[in-house]
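Chemist: Next one to model:
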Amino acid sequence: MSIAILTARHDTAGGVQGLPKEIVSQLAGRASQAGRTIAVRGCRDVAEMVECLRRVNGKGTEFLLLDPGVRLRGDGALDAVLDDVGVPYIEVHADDVRADAAGPAGHPFDVVGGYGAQ
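Modeler: Next up is the predicted model:
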């Protein structure tokens, strides 16, 4: 795999909200055209996302598309693991960016609001 896409829940009702199938299809097509593969993983919360990121380290991932959902200020675990992994990433907020009380995690390549550019 060369591009990992990790998403976390965007609501408080529970369950994992994944990316819409149209978006995954478009991203997979573009990755294929560039000679890359993607792996998509939906996480229940930021803690599960941190565990996924720990497994990404050293496993051939060249780039991350990270959609952490809503996370609480002071949650340094995500920032720390992103620094440890050292893989470049773009942080995407599919929900209202103002709802993300903590701001971007770590040092992203960029932070964008939504998947509309796809």
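Chemist: where do the strands sit along this structure?
Modeler: 3-8, 38-43, 63-67, 89-93, 110-113 (DSSP state E).
Chemist: of all the ones you listed, which lies closest to Lys21?
Modeler: strand 38-43 (10.3 Å; CB to CB). Any C-beta I mention is one placed from the backbone N, CA and C, and that applies to glycine too.
Chemist: Give me the helices and strands touching that closest one, please.
Modeler: Where contact means 3 or more CB pairs under 8 Å, 6 or more residues apart in numbering; DSSP states H and E, strand 38-43 is packed against strand 3-8, helix 21-33, helix 46-56.
Chemist: Can you give me the distance of Arg55 to Leu6?
Modeler: According to CB to CB, to the nearest Å, Arg55 stands 11 Å off from Leu6.
Chemist: now Cys52: how far from Asp67?
Modeler: 12 Å.
Chemist: Which of the two has more residues huddled nearby?
Modeler: Higher neighbour count among Cys52 and Asp67: Asp67, with 24 against 17, using other CB atoms under 10 Å.
Chemist: Hmm, the more buried one is touching Val92, no?
Modeler: Yes: here Asp67 reaches Val92: they are 4.6 Å apart, a contact under CB atoms under 8 Å.
Chemist: Using a markdown table, lay out the strands of the chain together with distance to Ala77.
Modeler: Below are the strands of the chain laid out as a markdown table (distance: least, CB to CB, whole Å):
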| stretch | distance to Ala77 |
| --- | --- |
| strand 3-8 | 12 |
| strand 38-43 | 13 |
| strand 63-67 | 14 |
| strand 89-93 | 15 |
| strand 110-113 | 19 |
